[in-house]
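Trainee: Predicted coordinates and the sequence they were generated for:
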Amino acid sequence: MSATILLRLLLVPCLLITGAPSLPGQDPGGREGDERAVSSPAEDGESPGDAEVGSDDPPPRPRRGRRRRPEPPAATPTPPPPEEESSSEEEEDWLAVIGGTIHTVSGGVVERGTILVRNGRIHEVGVELPVPSGARRLDVEGHHVYPGLVAVNSVRVVGGEFDTDPYSFTMLLALAGGVTTARSGGSISKLTYGTLDGLEVGSSPFVTLNYSTGDPAGRRKLREAFERIREFRRESARHAEAKEEDPKLPDLDRKWIKGLYATAEQLMDGKRVGYARVRELAEIRAICGLAEKYGFDLVLDGAEEGWIEPGVIARAGARVIVTPRARRDRDDRRLAPNGSSIQNAAILHRHGVRFAIFPVGSLFAPGGGVSLSGLAGRDLLHLAMEAAFAVRGGLSDEEAIRAITLGAAELLRIDERVGSIEVGKDADLVITDGPLLHYLSLPQYTIVNGRVAYDQDEAGVLDHVRRDGRPEPEVIREPWPRRLGDPF
Amino acid sequence: MSSRRSLPLLLLLLLLASAAGAEARTVPPPRMLVIEAATVITVSGEEHSPGMIVIEDGEITLVGQNLDVPRSARRIRARQEVVMPGLVIPDSSLGIAFTLRQGNFSSLSILDEIHADEFDPEPYLVAGFTAVGLIPNGAGFPGSAAVVRPNLRDGAFELLRDRAYLPVSMRSNGRDNRAITAAFSAARKAIEKEDAAREKWEKEQEEKRKKAEEEAKKSGGEKSEGAKKEGEEKKPDPVFEPPPIDPNLVPLVSILREEAGALPLLFRIGDAGNLLHLQRALEEHEALGKERHRNLHLSPSSRSEQRPMVAPVGEMEALVIATPEITTLPSTFTRINLPAELARAGARLVLTPSSSTRAEFLRFRSRVAELVRSGLPRATALEAMTLHPARFLGLDERLGTIEKGKSADLIFLDGDPFAAATRVTRTMIAGEWAWEGDAP
């Protein structure tokens, strides 16, 4: 390693500590990332009071010239459930959410706005919209309205269509934390409390890649699979040309494409997304190099040392699942910067890396430091609180909220349906009694598919939590048993 | 002195006794049995106290107060006791080996698993159960239930009805959901296969017939041959032989075909989520939505949500077999009298012991009493222990109440059935003592 590189690497943490912006010329990917970051967000674009929001699509994902733009995925996200256009007006179901501060995520903030929901989809967003007769009205004046939060991973919150218990307590708690969509293993589902209708969103696009430095043989196998698929694709292109001249040419043999080869092909076709749990910089470098070389979509889970060389991730176009509270202690025996940083999310954002925020071990991933274990309200360090930690690390509020809504939806490739308050998207809303990232704010209502799935007053699971910063918790007047049936 | 004087008297007495004996030998013993009790709880109507029940040939012929009965009738004087119809337990697996059976085993009957000698009637009779629905253990479709009558005298049990109903487990959303869906779609396929085969066969028959007719026309001139053929045609008509169906699918096929002898289904669910999944799994098959299959067996756990199922179950007017327990809402101390709420919502309530153990059988009435104390109407509770389970088992014409024409399956209690210290003193089945343990 040359002395200059060493110096640069040493410089980075020093600069971070002093709070200075990172070196623009630090690595080639970084500058490009900066430009992307400047050009990408459309968050602050619209003035409050715009009648229509969210009409513009999210900016297309920047890619390097070498990479092929993948075809729109065939399998995921699944097409939204067919809406019966022919359904008579009697069957139409309208919901009007009136008077809240609407944070659309994709199109700015609407003060005192109205969201009209028709048959579970957002029909219109604006100010002082006429509410159709017969619509259910939800007056949320003084509250904040956000798109439902998206959890990129979960355990026992929601399952597939056949397995989910729609009355499970964990699901209720997750709704109490504002989550409306969660991935669980291979499926992505809505938290439709009390019903199974509209539960399934699609299947997870993730393919777990093991490219650990500790398994050289496995690494070689994966590399070889990609290499062989690349060869095959070149051959297919040549074959297609030849077939135009001679239509009688037999098709190429595809029987061998299975197992790892099939995975590699799906990845290179853009049908699936590679998912890798990485922490160390060396691992990040390795897998990002692979993604860059073979041009597939990559999601890095963790990437605690990503802040050291964010350009590596930016160049590969990889997305990251950031956990701002995750700790990886610095190893003082090493000269190069290492360990985790609370600024990880902010630095990655500055370099144009798209990311989602996900809590450290919790309801969604037990085994980590924090667990709910059925104790409602003891630990509400859900998605919003984790995002707030990223704000502490230098990220803007808007970006932090984006990272737990639209950012996470993009990562799961379900951003066509959820993630922001836009016309045509599913009506998944979180209505909080204060700013989402504030530690005293709690969801008052959580709406899933245009249906109030959680009402704090009704659910009662957080009755014992002090609200609005009141110093004293409410006294429970009736000790056990509080109620015994209904008296005749 | 005294012996001399008493001798003629003794002789006289002997004479009289022998005459009486001769009379008894000629006159048949009284067929009529009369029970005189402090209270008779009929379940079907009012309570009589004091009450009388007249039984002839094991059947109840008359119930009432201060009835005129012939002197020759045999009398059971139970002036300190309360008499009520014997309790009916719709699902017991006491003494039945636990098998890890999982999947579709609908062709099995519980009688394949339990032999009369292995059956222990004592726990049932002590607790006052006079009819027992025996069910197999296991998930999915473990096999059909049978109804028996426990009896210590005549042997272990008397079979009342084999294949009374088909229990289906829907306790685990994923596994059972798939099992139910797979089983019924397999049954549906079997039906389609048979229908297709029948259609094909009918076509073939038609063609054969036409061919034969044509041939007959062709050779119409030759009478002798025609006569021969007529002789041949007198063979019995060919019968359609349906393709063989997996025996485990046969009961399901007959359910989907809505045949008269189809078994009713009993779905065992644990919480409101199971119910939603069940409704979704069944909505494909129209036959399963019929009233006779709207039977739920509820065994809630403290962590599962129950309240949301009250309204839909009431709407379905389902028959609900519930355990007599006051549960709490998940993770709270809020107590809920689920059976009472279900009954109030419109469900037909059946109560069953919390588990198939002797201790739980003995505790059963006092548990029901707790439900009654906290809001379940007394009449509903009584029906839920006797008439409703009998109706579910298809035996309400013979069992379940004290009415004319029903079998005299009675229990004698030393107090009100819902009082704390009341015990069963003796149990009568078909007019004969089945158990007289604590008779005073």
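Mentor: Sure, I can see it.
Trainee: where does chain B come near chain A, residue by residue?
Mentor: The interface of chain B toward chain A, taken as Cβ under 8 Å from any Cβ of the partner chain, is made up of B:173-174, B:177-178, B:271-274, B:276-277, B:280, B:303-305, B:308, B:326, B:330-337, B:340-341, B:374-375, B:377. Heads up, the C-betas are built off the backbone N, CA and C, glycines and all.
Trainee: pLDDT weak spots in the stretch 351-488 of chain A?
Mentor: The stretch 351-488 of chain A contains residues with pLDDT under 70 at A:361-381, A:463-488.
Trainee: Please name the strands paired to the helix or strand residue B:79 falls within in the sheet, noting orientation.
Mentor: Assigned by DSSP states H and E, residue B:79 belongs to strand B:74-85. If you go by DSSP bridges, strand B:74-85 pairs up with strand B:32-41 (parallel), strand B:410-413 (antiparallel).
Trainee: what does that strand rub up against?
Mentor: For strand B:74-85, contacts defined as Cβ atoms under 8 Å, 6 or more residues apart in numbering or on different chains pick out B:30, B:32-43, B:50-51, B:53, B:130, B:382, B:386-387, B:399-402, B:406, B:409-417, B:422, B:425, B:440.
Trainee: And the next helix or strand past it?
Mentor: According to DSSP H and E, the helix or strand after strand B:74-85 is strand B:87-92.
Trainee: Contacts for that next one, please.
Mentor: By Cβ under 8 Å, 6+ apart, the residues outside strand B:87-92 that reach it are B:124, B:127-135, B:145, B:167, B:266, B:297, B:321, B:350, B:352-353, B:356, B:361, B:364, B:385-386, B:389-390, B:392-393, B:395, B:399-400, B:411.
Trainee: can you pull out the helices in chain B?
Mentor: B:2-26, B:122-127, B:173-218, B:223-233, B:250-256, B:272-282, B:310-316, B:338-345, B:358-373, B:378-385, B:387-392 (DSSP state H).
Trainee: Equivalent analysis for chain A, please.
Mentor: Using DSSP H, helices in chain A cover A:3-18, A:28-39, A:169-176, A:216-245, A:260-268, A:281-294, A:310-316, A:344-350, A:383-392, A:397-404, A:406-411, A:456-459.
Trainee: So which of these is nearest residue B:240?
Mentor: If you check each of those against residue B:240 by Cβ to Cβ, helix A:260-268 wins as the nearest, at 48.2 Å.
Trainee: thinking again about what came up before, ChimeraX command to pick out the buried ones of the residues of chain B next to chain A?
Mentor: With 16 or more other Cβ atoms under 10 Å in any protein chain shown as the criterion, this ChimeraX line picks the buried residues out of the residues of chain B next to chain A:
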select /B:173,177,271,272,273,274,276,277,304,305,308,326,330,332,334,335,336,337,340,341,374,375
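Trainee: ok so, going back, average pLDDT for the strand holding residue B:79?
Mentor: In this model, strand B:74-85 has a mean pLDDT of 92.
Trainee: One more: stretch B:364-377?
Mentor: pLDDT averaged over stretch B:364-377 gives 93.
Trainee: and what of stretch B:404-421?
Mentor: 92.
Trainee: And stretch A:177-195, by the same measure?
Mentor: Mean predicted confidence for stretch A:177-195 is 91.
Trainee: Only C-alpha atoms, please: export that stretch in CSV.
Mentor: The C-alpha coordinates for stretch A:177-195 follow below in CSV (Å, rounded to 0.1, in the frame of the first residue of the first chain):
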residue,chain,number,x,y,z
GLY,A,177,-44.9,1.3,16.0
GLY,A,178,-46.2,2.5,12.7
VAL,A,179,-45.1,-0.5,10.5
THR,A,180,-47.5,-1.4,7.7
THR,A,181,-45.4,-3.6,5.5
ALA,A,182,-42.9,-6.2,6.5
ARG,A,183,-40.7,-8.7,4.8
SER,A,184,-40.7,-12.1,6.5
GLY,A,185,-38.4,-14.6,5.0
GLY,A,186,-39.4,-15.1,1.4
SER,A,187,-42.6,-13.1,1.5
ILE,A,188,-43.6,-9.5,1.8
SER,A,189,-46.9,-8.8,3.5
LYS,A,190,-49.0,-6.1,4.9
LEU,A,191,-49.9,-5.9,8.5
THR,A,192,-53.6,-6.2,7.9
TYR,A,193,-54.7,-6.6,11.4
GLY,A,194,-58.0,-8.5,11.7
THR,A,195,-58.3,-9.6,8.1
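Trainee: Are that stretch and chain B in contact anywhere?
Mentor: Yes: Stretch A:177-195 lies within reach of chain B by Cβ under 8 Å from any Cβ, at A:194, A:195.
Trainee: how about that stretch: buried residues?
Mentor: For stretch A:177-195, by 16+ other Cβ under 10 Å, it's A:177-184, A:187-195.
Trainee: Spatially central residue in chain A, please.
Mentor: Chain A has residue A:408 as the residue nearest its centroid, 0.9 Å off, counting by Cα atoms, centre = their mean.
Trainee: picking up where we left off before, in TSV, list the helices of chain A along with distance to residue A:205.
Mentor: Shown next, in TSV, are the helices of chain A (distance: least, Cβ to Cβ, whole Å):
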stretch	distance to residue A:205
helix A:3-18	33
helix A:28-39	22
helix A:169-176	21
helix A:216-245	18
helix A:260-268	9
helix A:281-294	15
helix A:310-316	17
helix A:344-350	21
helix A:383-392	20
helix A:397-404	18
helix A:406-411	9
helix A:456-459	32
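Trainee: which stretch in those helices has the least confidence?
Mentor: When I compare those, helix A:28-39 is least confident, with a mean of 37.
Trainee: which other residues reach stretch B:354-372?
Mentor: Residues outside stretch B:354-372 that contact it (Cβ under 8 Å, 6+ apart): B:87, B:89, B:91-94, B:96, B:123-124, B:126-129, B:323-326, B:337, B:339-340, B:351, B:353, B:376, B:378, B:381, B:384-385, B:417-420, B:422.
Trainee: The same query, at a cut-off of 6 Å, please.
Mentor: B:92-94, B:123, B:127, B:323-324, B:339, B:351, B:353, B:378, B:381, B:417-418 (Cβ atoms under 6 Å, 6 or more residues apart in numbering or on different chains).
Trainee: What of stretch B:176-194?
Mentor: A:162, B:104, B:140, B:169-170, B:242-243, B:245, B:249, B:252-253, B:256, B:277, B:281, B:285.
Trainee: Deepest in the core, which of the helices of chain B is it.
Mentor: Highest mean neighbour count among the helices of chain B (mean count of other Cβ atoms under 10 Å in any protein chain shown): helix B:387-392, with a mean of 25.
Trainee: Give me the packing partners of that helix, helices and strands only.
Mentor: Helix B:387-392 is packed against strand B:87-92, strand B:348-351, with contacts defined by 3 or more Cβ pairs under 6 Å, 6 or more residues apart in numbering or on different chains; DSSP states H and E.
Trainee: Pipe the ones you listed into a markdown table and attach mean neighbour count and distance to residue A:109 per row.
Mentor: Listed next are those as a markdown table, based on neighbours: other Cβ atoms under 10 Å in any protein chain shown; distance: least, Cβ to Cβ, whole Å:
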| stretch | mean neighbour count | distance to residue A:109 |
| --- | --- | --- |
| strand B:87-92 | 27 | 59 |
| strand B:348-351 | 26 | 54 |
